[in-house]
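Student: Using only what follows, build the 3D model:
(chains A, B, C, D and E)
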Amino acid sequence: MDLSTIIGFVLAYVLIVVALIIGAGVGVYIDYPSVLIVIGGTLGVVMINFPMAQIASMGKVLSKAFLHKSEDLGELIQQLVGFAVKARRDGILSLESAEDELDDDFLKKGIRLAVDGTEPEVIKTILETELDYMEERHKLGASIFGAMGDFAPAMGMIGTLVGLVAMMQSLNDPSSIGPSMAVALLTTFYGAIIMNMFAGPITGKLKVRSAEEILMREIMIAGIMAIQAGDNPRIVEQKLNAYLSPGKRKSQFD
Amino acid sequence: MDLSTIIGFVLAYVLIVVALIIGAGVGVYIDYPSVLIVIGGTLGVVMINFPMAQIASMGKVLSKAFLHKSEDLGELIQQLVGFAVKARRDGILSLESAEDELDDDFLKKGIRLAVDGTEPEVIKTILETELDYMEERHKLGASIFGAMGDFAPAMGMIGTLVGLVAMMQSLNDPSSIGPSMAVALLTTFYGAIIMNMFAGPITGKLKVRSAEEILMREIMIAGIMAIQAGDNPRIVEQKLNAYLSPGKRKSQFD
Amino acid sequence: MDLSTIIGFVLAYVLIVVALIIGAGVGVYIDYPSVLIVIGGTLGVVMINFPMAQIASMGKVLSKAFLHKSEDLGELIQQLVGFAVKARRDGILSLESAEDELDDDFLKKGIRLAVDGTEPEVIKTILETELDYMEERHKLGASIFGAMGDFAPAMGMIGTLVGLVAMMQSLNDPSSIGPSMAVALLTTFYGAIIMNMFAGPITGKLKVRSAEEILMREIMIAGIMAIQAGDNPRIVEQKLNAYLSPGKRKSQFD
Amino acid sequence: MDLSTIIGFVLAYVLIVVALIIGAGVGVYIDYPSVLIVIGGTLGVVMINFPMAQIASMGKVLSKAFLHKSEDLGELIQQLVGFAVKARRDGILSLESAEDELDDDFLKKGIRLAVDGTEPEVIKTILETELDYMEERHKLGASIFGAMGDFAPAMGMIGTLVGLVAMMQSLNDPSSIGPSMAVALLTTFYGAIIMNMFAGPITGKLKVRSAEEILMREIMIAGIMAIQAGDNPRIVEQKLNAYLSPGKRKSQFD
Amino acid sequence: MDLSTIIGFVLAYVLIVVALIIGAGVGVYIDYPSVLIVIGGTLGVVMINFPMAQIASMGKVLSKAFLHKSEDLGELIQQLVGFAVKARRDGILSLESAEDELDDDFLKKGIRLAVDGTEPEVIKTILETELDYMEERHKLGASIFGAMGDFAPAMGMIGTLVGLVAMMQSLNDPSSIGPSMAVALLTTFYGAIIMNMFAGPITGKLKVRSAEEILMREIMIAGIMAIQAGDNPRIVEQKLNAYLSPGKRKSQFD
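Tutor: Predicted coordinates for the structure are as follows:
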């Protein structure tokens, strides 16, 4: 569970509801046709912008912003250093058994390639290609929410223009101006909410999570390449700890 | 057919028409001179911005957003791995016959160059040059719609300023303010529609489709280079599968 | 002549004049002091932003957007392939005569360097340096119009603020509000016109033209390097055709 | 202490308070629910956007903008040149004692690696990896304040929309319009203050400080690599002084 | 003297003063507290954003936009070609005397390094490091004015919000609305002036001047490296002339 996502949502939405109650009561801010037009219109435009397969995977991408669990990279580095120690002592083939304990498919594949005696250049190419295109896919996934954040306020503005033009038809009836104007503003309001309290920060969280995963995979690649090259485990540890902030580094040699 | 483009357009425009009907009736939102000025003005400005040849190809570019069919990259990789198996077994010349079965001109040219015994460096240069400049042409094609999306709201704002200045001349007649203001707002409305419900998401779809095609060609180049180098087919498969998300990978060796 | 620039200008400005006539008549939209302030102010600010030499060359840069003639790159490639054939058959010195037929100084210089037996690395450095700095100069030239497009609406807004503050002084006289407000809006109107119907699309056209010229020079460099290296003319043709879209490629070997 | 941060804050806020007093008196500009909604809402949205660990470190990041002390890079270079002299005269092992005098962990680690006889390539990889990821962490830290600066005005606008819609309900009571409108504008006011007088310039200061620290570490890396390679101390000094502006360079050889 | 900076300032400000006189008379547009708040507030925020040392050097940076004198790069190239001729004829040591005639410290240092027999790689590293960090310092210097241009309109808007909220308190007194609103708008007016008629174009000029200086230093580096390598002076001239537009090239060999 990504705690900050959930606390953030609760905090922001509770405060907005409080604002509505202080304002003119929640009811005044709800206009179903306006909701439909902004949400539906944004969804329509996002569908024009992305292929069906991407649209279909939005739920899965979104779940990452809520369910992501950060890995302990200090732990990971110690595990890789352990592999380096083992490979130096018993030969790289000894990692074949260690491979089974691993959960992570990427690391597993890298270790297996090294155990199989694949050339370092080839291992590096395969793992870095996989990392690069994972990054591309992450960017594409986040960009759907980014596009949603761009189009929602625009759809809101279109809705407000529709409302304003309608209001202009009946300027002669002053008592209707206030409510008409209020309804016209609601689509802008919904668009701003979708952008700033949903799509925008979700895009941000997805980017941060993607950066974390890329960092983890870069450490794995550096570790596998160092193990494969038969580096001294102390050097392996120093190489990998360089990816972490000083406070998060662990060492088995001090 | 690009289903999401079509569904997205239908969804977005049906909702806007509903909004107009709820608003003040569709008729109020249609003003032919305003339509002409925004669409014509945007077209004029886009013509200043791009050469005639680009303007002429807009229809063809646009059709890609509607007609594009995604390739099954897993299939493509299996085909390339099949070529690698054949080349290892029967020599690279044996691919000469396989070449005839191929639909894709790019892949065909690459295989032919390899069969002809062209130096790997030269093959790579030719194919990557072709890919780079295809990407440039895609960017240029998408940028016409991008420019349309930038200029349309600006032309709308210019139209609104024209209307506002006209309205200011007759402030003394309060009954005319509402309708004049309504008409003045319509050009902004049309500009916002063109940007957010046509040019913007079309630009987005063209970019996604271009990225898909580039990915496909990058896999082809990697495959041809690996086949040409006589790589073990298992390694070829691993190298190429690294471009795909884990869920889309297929293997003929498991 | 760049036809699309001219047709685009005519189309856009005819439509705006039509809009003015429909609006409140052309006369209402013309206020000489406002014109002077927006155009003069923008020019002043652009002069702060750029050195005198750049300002002086604006006319020459602008003429490129109107007079540019696209080269037929397919023709150029056939010419280069012809040189490759000649150089293979009669030696590279035989190009000395061909050199005289050339109009383009860049290509001429490249061929001369090759004929003189200059080292390939040196030829490449000279031609690529020339290309890189031509690109820099093009960017600088386009950026004057880009800056004009940024500053014109800002000067328009400053003019509108001046007008609004003046209008606020006489709010007690309602009959003067309309005309004062109209005049105040005119500077914003002029700024929007300068940006969106002149400086913006001209910047765009200059960028497209620069890209075309860079592409032409890149083909020339690739051709000269291939001729100099004594490549097989078929390979030269394939290398150079890779820069073009498939539909524009010609071949003398099919 | 970062003097300019503190003087800047005092100057800007004193002036704003003066503006409020001149305006309508400080009291009119304070509305606790609005404060709560803008600050709380922004915090909520920033929490959605970043992981808990980042949120928790905001105070520490912020303190850098207030407490940072610039290093004297001329001094640092002289120290490194001193090491180069010592290493040339007494061998690189003689730096083992010098190492103890150093405060900076990064420099210490680099010197130790050199003294231990680690290969230059490995030293460079370790130190540059550490520098690259420090830069990444700095960027992430600054981006929290950047996101706060993006979301605060948006939350302010949402608050203003809530207030405007409420105001529209009671347009019939003209005496309430002024105060309602005033309160509605306050959230926009708070959002603008948070962005422009806190989050924006803090982000800017963090970036400048990060650039300073990166420059310092780049000089350290260049110095360590030069010492390790046994460069002539005069050359070491020239290499390192090249990072500084001419006015800040010191020399022990003139 | 940078003529275009001075003519541009005079032109732009004379026109604005004319606009004020036409508007409501200069006096109406001057409100000392508003001036103080916008200028002082912007200064405060810029101080939060940059270290004291940068703030202190603003005057020196600004003077570059007024006093910069462009070098004649054609002259410089002829000088470098002259050195190449001399070095070829009399050996590189003969440049020791030429060195004394040079004004430019950068060129002097480069020639001295070459005369001293420093390795080409080391010369290149030193000169390019110096160039890279000069570029960084130029960017930082220009970014202060860039930040001023970003914050000034924001401070203006904050001032306008303060004024609007104050105005809302006395909506019942219609005669005060006009003047209050006018004063409220003045901070936005001052902010727009600072951005568009000072900070913005100054930033632009600084960037253009920085690019000119970088080009000059790149030519110097290319020249020194070519002289050091003992290139044929004709080739040196061709290499260096490639940095200039064809119209500015001079030659001593034609």
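
Student: helix, strand or coil for the residue nearest to residue A:74 when sequence neighbours are not counted?
Tutor: Distance criterion CB to CB, 6 or more residues apart in numbering or on different chains; nearest residue to residue A:74, sequence neighbours excluded, is residue A:250 at 4.5 Å. From N, CA and C alone the C-beta is placed, and that goes for glycine too. Three states are possible here, and by DSSP: H, G, I helix; E, B strand; the rest coil the one that applies to residue A:250 is coil.

Student: cool, residue A:118 as well?
Tutor: coil.

Student: Distance check, it against residue A:125.
Tutor: The span separating residue A:118 from residue A:125 equals 10 Å under the rule CB to CB, to the nearest Å.

Student: how many neighbours does residue A:133 have?
Tutor: If you count neighbours by other CB atoms under 10 Å in any protein chain shown, residue A:133 ends up with 17.

Student: Please name the nearest non-neighbouring residue to it.
Tutor: residue B:243 (5.2 Å).

Student: Around chain B, pick out the residues from the stretch 51-200 of chain A.
Tutor: Applying CB under 8 Å from any CB of the partner chain, one finds that the stretch 51-200 of chain A approaches chain B through A:51-55, A:105, A:113, A:118, A:122, A:125-127, A:129-130, A:133-134, A:136-137, A:140, A:147, A:150-151, A:154-155, A:157-159, A:161-166, A:168-172.

Student: Show me which residues of chain A are close to chain E?
Tutor: For chain A, there are no residues in contact with chain E under the definition CB under 8 Å from any CB.

Student: Give me the outermost residue of chain A relative to its centroid.
Tutor: Taking CA atoms, centre = their mean, the residue of chain A most remote from its mean C-alpha position is residue A:172, at 50.9 Å.

Student: quick one, strands of the stretch 101-250 of chain A?
Tutor: Using DSSP state E, counting those that start in this stretch, no strands are found in the stretch 101-250 of chain A.

Student: now the helices for it?
Tutor: Remark: helices of the stretch 101-250 of chain A, listed N- to C-terminal, are A:105-115, A:120-168, A:174-194, A:200-228, A:233-241; assignment by DSSP state H, counting those that start in this stretch.

Student: okay if I get these as a markdown table plus mean pLDDT?
Tutor: Conversion of the helices of the stretch 101-250 of chain A to a markdown table gives the following (pLDDT from 0 to 100):
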| stretch | mean pLDDT |
| --- | --- |
| helix A:105-115 | 95 |
| helix A:120-168 | 97 |
| helix A:174-194 | 92 |
| helix A:200-228 | 97 |
| helix A:233-241 | 96 |
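
Student: Next one: residue A:61 from chain C, what distance?
Tutor: In this view, residue A:61 and chain C are 34 Å apart by CB to the nearest CB, to the nearest Å.

Student: With adjacent residues omitted, what lies nearest to that residue?
Tutor: Nearest residue to residue A:61, sequence neighbours excluded (CB to CB, 6+ apart): residue A:141, at 4.1 Å.

Student: out of the helices of the stretch 101-250 of chain A, deepest packed?
Tutor: By mean neighbour count, with neighbours taken as mean count of other CB atoms under 10 Å in any protein chain shown, helix A:233-241 ranks first of the helices of the stretch 101-250 of chain A at a mean of 23.

Student: just how off-centre is it within its chain?
Tutor: Per CA atoms, centre = their mean, to the nearest Å, the displacement of helix A:233-241 from the mean C-alpha position of its chain is 29 Å.

Student: repeat for stretch A:194-213
Tutor: For stretch A:194-213, the distance to the chain centre is 5 Å (CA atoms, centre = their mean).

Student: who are the neighbours in contact with residue A:228?
Tutor: Contact analysis of residue A:228 by CB atoms under 8 Å, 6 or more residues apart in numbering or on different chains lists A:92, A:114, A:120, A:123.

Student: again, 6 Å this time
Tutor: Contact criterion CB atoms under 6 Å, 6 or more residues apart in numbering or on different chains gives A:114, A:120 as the residues in contact with residue A:228.

Student: quick revisit: CSV please, covering the helices of the stretch 101-250 of chain A and showing distance to residue D:87.
Tutor: Output for those, formatted as CSV (distance: least, CB to CB, whole Å):
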stretch, distance to residue D:87
helix A:105-115, 37
helix A:120-168, 33
helix A:174-194, 62
helix A:200-228, 28
helix A:233-241, 21
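
Student: give the contact list for the residue in chain A positioned nearest to chain C.
Tutor: Here the residue of chain A nearest chain C is residue A:171; by CB to the nearest CB that distance is 16.1 Å. Residues in contact with residue A:171 (CB under 6 Å, 6+ apart) are residue B:178.

Student: likewise residue A:33?
Tutor: Applying CB under 6 Å, 6+ apart, one finds that residue A:33 lies in contact with residue B:22.

Student: Kindly recompute the last result at 10 Å.
Tutor: Each residue near residue A:33 by CB atoms under 10 Å, 6 or more residues apart in numbering or on different chains is listed here: A:159, A:183, A:186-187, B:15, B:18-19, B:21-23.

Student: Of the residues you listed, which pair is most distant in space?
Tutor: With distances taken as CB to CB, the most widely separated pair in the contacts of residue A:33 is A:186 and B:21, at 17.5 Å.

Student: wait, isn't the residue farthest from the centre of chain A in contact with residue B:176?
Tutor: No. With contact taken as CB atoms under 10 Å, residue A:172 and residue B:176 are classed as non-touching, separated by 11.1 Å.

Student: follow-up on the earlier one: out of the helices of the stretch 101-250 of chain A, which is closest to residue A:80?
Tutor: The closest approach between residue A:80 and any of these, judged by CB to CB, belongs to helix A:200-228 at 3.6 Å.

Student: next one: that closest one to chain centre, how far?
Tutor: Average the C-alpha atoms of helix A:200-228, do the same for its chain, and the two points are 12 Å apart (CA atoms, centre = their mean).

Student: Dihedrals phi and psi, the residue farthest from the centre of chain A?
Tutor: With angles defined as degrees, to the nearest 10, residue A:172 sits at phi -70, psi -20.

Student: ok, so what distance separates it from residue A:178?
Tutor: Applying CB to CB, the value for residue A:172 to residue A:178 is 14 Å.

Student: list the contacts for residue A:65?
Tutor: By CB under 10 Å, 6+ apart, the contact list for residue A:65 reads A:2, A:5-6, A:9, A:142, A:145, A:201-206, A:208-209, D:48-49.

Student: Now for it, which secondary structure element holds it?
Tutor: Using DSSP states H and E, residue A:65 sits within helix A:58-67.

Student: what's the model's confidence in the helix or strand just after that helix, averaged?
Tutor: The C-terminal neighbour of helix A:58-67 among helices and strands, as given by DSSP H and E, is helix A:73-90. Throughout helix A:73-90, pLDDT has a mean value of 95.

Student: name the helices or strands packed onto helix A:73-90?
Tutor: Helices and strands in packing contact with helix A:73-90 are listed as helix A:95-98, helix A:105-115, helix A:200-228, helix A:233-241; criterion 3 or more CB pairs under 10 Å, 6 or more residues apart in numbering or on different chains; DSSP states H and E.

Student: between the contacts of residue A:33, which is nearest chain D?
Tutor: For chain D, the closest of these turns out to be residue A:186, at 6.7 Å, with distances computed as CB to the nearest CB.

Student: Would you check that residue A:244 makes contact with residue D:137?
Tutor: Yes. Taking CB under 10 Å as the contact criterion, residue A:244 and residue D:137 are neighbours in contact, 9.3 Å apart.

Student: Does stretch A:206-216 reach chain B?
Tutor: No. In terms of CB under 10 Å from any CB of the partner chain, no part of stretch A:206-216 sits within range of chain B; the closest distance is 13.2 Å.

Student: Report the contact partners of the residue nearest to residue A:133.
Tutor: In this structure, residue B:243 makes contact with A:129-130, A:132-133, A:136, B:73, B:76-77, B:215-216, B:218-219, B:222-223, B:249, judged by CB under 10 Å, 6+ apart.

Student: ok, 7 Å please
Tutor: By CB atoms under 7 Å, 6 or more residues apart in numbering or on different chains, the residues touching residue B:243 are A:129, A:133, B:215, B:218-219.
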